[in-house]
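>>> return atomic coordinates for the entry below.
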Amino acid sequence: MKKKLITISGQTASGKTNLSIRLAQNLNCSIISCDSRQFYKEMSIGTAVPSKLELSKANHYFIHHKSVKDNYTVGDFQNDALKLIENLFKKDDYIILTGGSGMYMDAIVNGIDKFPKIKLGVRELLNEKHNSRGILFLKNKLKELDPEYYDIVDVNNHRRLIRALEVCISTGKPYSSFLNKKNKKYDFESVNFGIKVDRELLYKKINYRVDKMISDGLIKEAKTLLNFKDLNPLNTVGYKELFEHFKGNLTKSQAIEKIKQNTRRYAKRQMTWLKNKNLVWIENNVEIDEIKRFINSNNL
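A predicted model of the protein is given here:
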C-alpha cells in the first residue's frame, strides 16, 4: 500500500484544526501545517494558532518555527516540508497536511509552477507606481490584465499583486495561465478533502472568533508587533486593521468590525480558490470512520 498524504482544506473558521486532530489521533500520525500565518512565533492570537491543549493531542510541524523577521517563501516551505514528509513516511503510513494557505498546500501536492523570467525594470516600475499611486493602481491593473487571478489573490497584499503583474507585463499573458501546470510525481498518494460550511453559519463563526481574539488579547499582541508592521507577515487580516487604529485612522470598534469584514472577504476568496480543486467535500463533524473508508478505498 502506498503511503497517504491526507490534505484537509477549508475556509477560515471552518473547523480544519479540530477535524485534523481527531483524524491524527485515530490514525496515530502527524499534522503538517501549511497555514503561512501560523509559521511566525510572534503571532498567535490573530492567526488562530492551535491551543497548547490541541497541540498536545498530536504531533504538529511548521507552527511557530520562524520569526516575522525571517524571509520564508513558499519555495522554502516546499523544500522543508518535503524533507519532513520523506522522514515521517519512513515510520508512518499517513500524514495530514492542513491549513488555509492554498498556494502552500499546492506546492506540496502539485509542485511549484515554473514562471518565466521577468523583463528588466518591470518590478522597479511597479514598485514606483505603488509608491506614487497606491495599491489601488495595482488592483485595477491586475483586474484588467488577469481577472481570474484577481478573484482569488489577497488584493491587499501589494507584493502578491506586483508578482502577478510583473509576469503579466513581461509575457503578455495572464499570471493565472502559468498556475497549476506542474504536477509533481511522488512515492505517496494524496487524498484531498475540503470542509463545507453553510455561509451564514461560517460568518457567525468568523464574527465569534474575532470577538474571542479581542477578548483573548489581540490588541495587546498587535501593539507588541507595531515596530514590525511593514514586514510582509504583518500585512494580514487582524493586525493591519489594528495598526490603523493605533495610528488614529479607525476607532477600536471600527477596527474590530473591519477585521470581521476582511475575514469574511478572505473566506470568500478561499472558497473561490478551492472550487477549482479536485476535493472530496465533507462536513467538519464527519465521522472519522467515514473518512478512513474513503482514504483506504480505491477511489483515489
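>>> hey, let's count contacts and neighbours off CA atoms from now on
Will do.
>>> can you show me the helices along the protein?
Assigned by DSSP state H, the chain shows helices spanning 16-27, 52-56, 74-88, 102-109, 122-133, 135-145, 147-150, 158-171, 199-216, 218-224, 240-246, 252-275, 288-295.
>>> quick one: closest of those helices to residue 190.
Set against residue 190 and scored by Cα to Cα, the helices of the chain come closest in helix 102-109, at 6.9 Å.
>>> check which helices and strands that closest one sits against.
Where contact means 3 or more Cα pairs under 8 Å, 6 or more residues apart in numbering; DSSP states H and E, helix 102-109 is packed against helix 74-88, helix 252-275.
>>> pick the most buried one from those helices.
Comparing those by mean neighbour count (mean count of other Cα atoms under 10 Å), helix 252-275 ranks first with a mean of 18.
>>> for the record, mean pLDDT for that one?
For helix 252-275, the mean pLDDT works out to 96.
>>> can you check stretch 119-127 too?
91.
>>> list the contacts of it.
Applying Cα atoms under 8 Å, 6 or more residues apart in numbering, the external contacts of stretch 119-127 come out as 138, 162, 163, 166, 169, 170.
>>> can you pull out the low-pLDDT segments for the stretch 151-300 of the chain?
The model of the stretch 151-300 of the chain has pLDDT under 70 over residues 180-184, 298-300.
>>> circling back to that earlier point, now, which of the contacts of stretch 119-127 sits nearest residue 116?
When the contacts of stretch 119-127 are compared against residue 116 (criterion: Cα to Cα), the nearest one is residue 170, at 8.3 Å.
>>> so what's the closest one up against?
Here residue 170 is in contact with 117, 118, 119, 122 (Cα under 8 Å, 6+ apart).
>>> before we move on, back to that, Throw the helices and strands packed on helix 102-109 into a markdown table and include distance to residue 100, thanks.
Below are the helices and strands packed on helix 102-109 laid out as a markdown table (distance: least, Cα to Cα, whole Å):
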| stretch | distance to residue 100 |
| --- | --- |
| helix 74-88 | 14 |
| helix 252-275 | 7 |
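>>> so which of the ones you listed is nearest residue 18?
Between the helices and strands packed on helix 102-109, helix 252-275 lies closest to residue 18; by Cα to Cα that is 17.9 Å.
>>> show me how the protein divides into domains.
3-112+181-295, 122-178 (automatic domain parsing).
>>> buried members of the contacts of residue 170 into PyMOL, please.
Buried residues within those, by 16 or more other Cα atoms under 10 Å, are selected in PyMOL with:
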select buried, resi 122
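>>> so can I have a markdown table of the contacts of residue 170 showing distance to residue 174?
Shown next, in a markdown table, are the contacts of residue 170 (distance: Cα to Cα, whole Å):
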| residue | distance to residue 174 |
| --- | --- |
| 117 | 14 |
| 118 | 13 |
| 119 | 15 |
| 122 | 15 |
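>>> between the contacts of residue 170, which is nearest residue 247?
residue 122 (32.5 Å).
>>> from residue 155, how far out is the closest one?
19 Å (Cα to Cα, to the nearest Å).
>>> how about residue 87?
For residue 87, the distance to residue 155 - Cα to Cα - is 37 Å.
>>> wait, residue 59 touches residue 27, no?
No: the pair residue 59 and residue 27 does not pass the contact test of Cα atoms under 8 Å, sitting 11.9 Å apart.
>>> ok, the residue at minimal distance from the centre of the chain to residue 250 distance?
Centroid check for the chain by Cα atoms, centre = their mean gives residue 101 as the closest residue, at 1.6 Å. When distance is defined by Cα to Cα, residue 101 is 28 Å away from residue 250.
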